Every structure is written in C-alpha cells, then in structure tokens.
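with the sequence up front, the predicted model follows.
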Amino acid sequence: MTPPSKSADSWFGWLQERRLQAYAPTGPRVVEWFAGLGGLSAAWPEARLQVAVDINQLAGQVHQQNFGQAFMRREIESIPATEICDWPVDLWWLSPPCQPFSRKGKRRDISDPRARALLHLLACLPKCQPQTLGMENVPGFQGSDVWQTMMDTLSD
C-alpha cells in the first residue's frame, strides 16, 4: 500500500487504515486514566482499550476522532469505586497532571486540586485490585506526599 502524496486528511486516513490492519488489539484490557489526547493509544495500539477517561471535552473529541475508542468525559474523583471495580480491565494506565509535582510548577503536591483524582484512584486500588498498574510521572513526583501515599497503598 502506497501512502498518499497530497492532503493531511488522506494521509491520516491511510495511517489509520494501516494501524487497524497491522495492530488488531491483542494485549491486556486497559483503562486509560487522564487520557488526554490518547498518548497510550498512540504508543501501544495492541492494548485493548476498554475506556479512556478524562475531564477535558476537547481532548475527548480528539481522542475519539483519532482512535475511535470509548471515551468517558468525567471527573475521575466523581466515579465511585464500586463502578470502577466493575470494569473488566487488566491494567490501569495513569497519566495524571504533572503540575502538582513538576520542577517548573508550584509543587503544591497533595494540596493541589489537580492531585485529587489521582488520590481518589489510589484510594480505589485496595478495593478494585487491578492486575497491573502503570503510571507516567515526572521527576518531581518521586518523594512527594502523593508518591508516598501511592507507596503506602501498594505496600498494604
């Protein structure tokens, strides 16, 4: 199959078609928390994404246009643990906001409202017990109060 030579739309369509042909999802069933534009979906097309969750409406529209997978626009901390635990997934992938921890941010850590959703998911871990947990972070995260909460939760 030869790639198109003209418009970006035809190029994108060609890439999507190739992706669908070459990468039929065969990996673990995944929920992508803090999905944004779909970093996990772009990087790991073999994953069987069950749902992508993010509060950002525009990100959700872009995610669905690019990947065509289920996108849930909700505040993560508003989703009850009972609902989360019922989702048939093997892996939780988290890409939480980095501003509470990043070197260029204010480093408000646990007091930053953007950390609430991550803290909620950490509180759900003992109840839901996903088989695998993966997380993207920034260097300032390690050693933070939220990081310590995660370490304490995972060690229990």
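Looks like it came in fine.

could you use CA atoms for every contact and neighbour count after this?
Noted.

what's the neighbour count on residue 115?
20 (other Cα atoms under 10 Å).

confidence score at it?
We have a pLDDT of 95 for residue 115.

so what's residue 76 up against?
Counting by Cα atoms under 8 Å, 6 or more residues apart in numbering, residue 76 touches 33, 53, 54, 55, 117, 120, 121.

beyond the lowest-mean-pLDDT helix or strand in the chain, next helix or strand please.
Across the helices and strands of the chain, mean pLDDT, DSSP states H and E gives its lowest value to helix 8-22, namely a mean of 56. Counting by DSSP states H and E, the next helix or strand C-terminal to helix 8-22 is strand 29-33.

can you give me how far that following strand is from the chain middle?
6 Å (Cα atoms, centre = their mean, to the nearest Å).

run through who's touching that strand.
Residues contacting strand 29-33 (Cα under 8 Å, 6+ apart): 40, 47-54, 76, 88-96.

narrow the residues you listed to those in helices?
The helices, defined by DSSP state H, take in residue 40 from those.

report the buried members of the contacts of strand 29-33.
40, 47-54, 76, 89-96 (16 or more other Cα atoms under 10 Å).

keep only those of these that are in strands.
48, 49, 50, 51, 52, 53, 54, 91, 92, 93, 94 (DSSP state E).

those residues: which two are farthest apart?
48 and 54 (17.7 Å; Cα to Cα).

low-confidence stretches in this structure?
1-25 (pLDDT under 70).

ok, 50 please
Counting by pLDDT under 50, the chain shows low-confidence ranges at 22.

roughly how far apart are residue 138 and residue 147?
Residue 138 sits 11 Å away from residue 147, going by Cα to Cα, to the nearest Å.
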